[in-house]
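Peer 1: sequence? don't have it. structure:
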């Protein structure tokens, strides 16, 4: 599965994101271990429907999550009630008036910063909200040329199958990558019981290569302490599919 499916609107229900992510747990152990080590309060950017919120709450830590989607935040609030704080805000630039010991951006959500300017503002906001002893984690895919330059117009599975509304479903996608902007435009269609629905849903993701992440993090005053290539904690190398950065203030 490539891409952050947290912003899916293609299934006609607000529960769509939860259905797609129900078996996605690769990142939970790493995020929980860092949160447990550094303590709270904790801030999640692009929190979506709160997939990771309960993980932090169960550690006994104060959790705040921000997202631009009020619809997703309402789902998150239904899940955890008043045990957490959810705010409608934009990770590209925010001011919450407090600092956090742990700030993280989950699986690929950082890629919704479509320009260098957006990414820089996001990371500067992270710096401003991070305590002097705090930790910041961001995880994104390393751009995969075999994915970005797939056959034009051909549908590829974006998810494994999941059960929805009495049907066996999956998301099928096409993509169009712009070499100049480094933005990948994805178009999704829902396949239900082997039949494609006609409605298309589109979103865009910016591709960031490791050398660019080095520059962006450094310019924002963040020092990389670890570069991981997978959620199992293995170091990032030329074979890695992920780029996971664990940072502190410089």
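Peer 2: Looks like it arrived, so ask away. Keep in mind that this is a model prediction, so the values were computed, not measured.

Peer 1: For the rest of this, base every contact and every neighbour count on C-alpha atoms.
Peer 2: Will do.

Peer 1: From residue 155, how far out is the residue most central in space within the chain?
Peer 2: In the chain, the residue lying closest to the centroid (Cα atoms, centre = their mean) is residue 109, at 2.6 Å. Remark: distance between residue 109 and residue 155 (Cα to Cα, to the nearest Å) = 23 Å.

Peer 1: Equivalent analysis for residue 127, please.
Peer 2: If you go by Cα to Cα, the gap between residue 127 and residue 155 works out to 40 Å.

Peer 1: same question, residue 103
Peer 2: In terms of Cα to Cα, residue 103 sits 36 Å off from residue 155.

Peer 1: now swap in residue 162 and tell me
Peer 2: Residue 162 is 18 Å from residue 155, by Cα to Cα.

Peer 1: For residue 94, see how far away residue 35 is.
Peer 2: Residue 35 is 22 Å from residue 94, by Cα to Cα.

Peer 1: The chain: helices as residue ranges?
Peer 2: 16-21, 28-38, 53-57, 70-80, 116-129, 145-148, 210-219 (DSSP state H).

Peer 1: Adding distance to residue 167, write those helices out as TSV.
Peer 2: Below are the helices of the chain laid out as TSV (distance: least, Cα to Cα, whole Å):
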stretch	distance to residue 167
helix 16-21	12
helix 28-38	28
helix 53-57	28
helix 70-80	22
helix 116-129	39
helix 145-148	28
helix 210-219	40
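
Peer 1: Dump the ones you listed into a markdown table; add mean pLDDT as well.
Peer 2: Converted to a markdown table, the helices of the chain look like this (pLDDT from 0 to 100):
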| stretch | mean pLDDT |
| --- | --- |
| helix 16-21 | 48 |
| helix 28-38 | 94 |
| helix 53-57 | 94 |
| helix 70-80 | 92 |
| helix 116-129 | 98 |
| helix 145-148 | 92 |
| helix 210-219 | 98 |
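
Peer 1: Let me have those in a markdown table, adding mean neighbour count and distance to residue 179 as columns.
Peer 2: Listed next are the helices of the chain as a markdown table, based on neighbours: other Cα atoms under 10 Å; distance: least, Cα to Cα, whole Å:
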| stretch | mean neighbour count | distance to residue 179 |
| --- | --- | --- |
| helix 16-21 | 18 | 29 |
| helix 28-38 | 15 | 33 |
| helix 53-57 | 20 | 36 |
| helix 70-80 | 18 | 32 |
| helix 116-129 | 20 | 15 |
| helix 145-148 | 12 | 10 |
| helix 210-219 | 15 | 15 |
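
Peer 1: closest to residue 200 out of the ones you listed?
Peer 2: helix 16-21 (15.1 Å; Cα to Cα).

Peer 1: is the closest residue to residue 69 other than its chain neighbours in a bridge, and if so with what?
Peer 2: Residue nearest to residue 69 in three dimensions, not counting chain neighbours: residue 88, with 6.7 Å by Cα to Cα, 6 or more residues apart in numbering. Counting by DSSP bridges, residue 88 is bridged to residue 67.

Peer 1: Would you mind confirming that residue 88 is in contact with residue 68?
Peer 2: Yes. Counting by Cα atoms under 8 Å, residue 88 touches residue 68, with 5.3 Å between them.
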